[in-house]
Structures are given as structure tokens and as C-alpha cells.
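1. Sequence and predicted structure, then a few things I'm wondering about:
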Amino acid sequence: MAKIKKINHVAVVVGDVDEALKFWQDAMGIQLHHLEDVPSQKAQVAFLPVGESEVELVKPTSDDSGVAKFLAERGGGMHHLCFEVDDIAGMMAQLKEKGVRLLSEEPQVLPGRKMVFIHPKSTGGVLVELYEVTK
Ligand code: CO
């Protein structure tokens, strides 16, 4: 049976990274590790490690992504929670067996990880991401 290892990250959508860092870094004291452009997600991401997990501040870099829509509609805020699993294919099969809806049939393969989202309709409204770290 596939296992959850930890919370990998919590993603927060922001309209302005510098502005967001005033709270997360300056007030909370969580140090920015690095900023990264993630073209596949049409976003710029600020990574702020907290223990074995991270807060990710996600700023859309185009108008036509889900994250951009989320920002326009809600003005930003908590976007998703990501769990790291030891076996993403096994976890996906396990979830499907329980009637849980996934946003794609196959995990997306990215450098260093495989990932999939669980439909918020199956989670009580929380967008949940699953990661399997591949190296
Ligand atoms: Co994520």
C-alpha cells in the first residue's frame, strides 16, 4: 500500500511576491530560499523551506492559467496542499478504488518528480497535489 511521507509544500497564490515576502519572510521569519520561473505552470514560484516542508508563493506570469484565474477571482490565498508519497501510481490506484477523482489519468512527469492533482470535489474543497520525488 502506497504511503504518504510528509507534507511537501503548501502553495499560496500571490499577486506580488515582494509584497507577500513582507509577511512570510520579514514578519514570520521564514527565509526565501530561491525564486524560480516555472514555464510549465506559467508561474514564478518563491520557495520558503519550513522544516522538511515548504511554503511556495506562486505568482501567475500569464493571464490564462488556473492560478491566474484563482488570483483574479479570489485575490490570492491558499491554493493547494501537496503530499509527498512513496509510490504515486500505487496511491492513484488506491484512491481511484475508493471513488476519488483525479485531475489526470497519468501523473505528470517533471524533472525530479511525478505529480498529480486530486479533484477538490473529492476532498471537501481542498485542492490536493501528490508528489513522488524521483531523484
Ligand atoms: Co504544488
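-> Okay, I see it.
2. List the backbone torsions phi and psi for residue 16.
-> Dihedral angles of residue 16 (phi, psi; degrees, to the nearest 10) stand at phi -150, psi 110.
3. Output stretch 12-28 as PDB, nothing but the C-alphas.
-> Provided in PDB are the C-alpha atoms of stretch 12-28 (Å, rounded to 0.1, in the frame of the first residue of the first chain):
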ATOM      1  CA  VAL A  12      -0.200  30.200  -1.700                       C
ATOM      2  CA  VAL A  13      -1.200  32.300  -4.700                       C
ATOM      3  CA  VAL A  14       0.100  35.900  -4.600                       C
ATOM      4  CA  GLY A  15      -0.200  38.900  -7.000                       C
ATOM      5  CA  ASP A  16       3.100  40.400  -5.800                       C
ATOM      6  CA  VAL A  17       6.000  38.200  -4.400                       C
ATOM      7  CA  ASP A  18       7.800  41.100  -2.800                       C
ATOM      8  CA  GLU A  19       4.700  42.200  -1.100                       C
ATOM      9  CA  ALA A  20       4.000  38.700   0.100                       C
ATOM     10  CA  LEU A  21       7.500  38.300   1.400                       C
ATOM     11  CA  LYS A  22       6.900  41.200   3.800                       C
ATOM     12  CA  PHE A  23       4.600  38.800   5.700                       C
ATOM     13  CA  TRP A  24       6.100  35.400   5.100                       C
ATOM     14  CA  GLN A  25       9.800  36.400   5.400                       C
ATOM     15  CA  ASP A  26      10.000  39.700   7.200                       C
ATOM     16  CA  ALA A  27       7.300  39.200   9.800                       C
ATOM     17  CA  MET A  28       7.200  35.400  10.100                       C
END
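4. who's in contact with it?
-> Here stretch 12-28 makes contact (C-beta atoms under 8 Å, 6 or more residues apart in numbering) with 30-32, 35, 44, 46, 48, 55-60, 67, 70-71, 74-79. Every residue, glycine included, has its C-beta placed from N, CA and C.
5. Which helix or strand in the protein has the lowest average pLDDT?
-> In the chain, no helix or strand scores lower on mean pLDDT, DSSP states H and E than strand 108-110, which sits at a mean of 91.
6. when you scan that one, is anything in it near the ion?
-> No: shown here: strand 108-110 not in contact with the ion (C-beta under 5 Å from the ion), separated by at least 10.7 Å.
7. Thanks a lot, catch you later.
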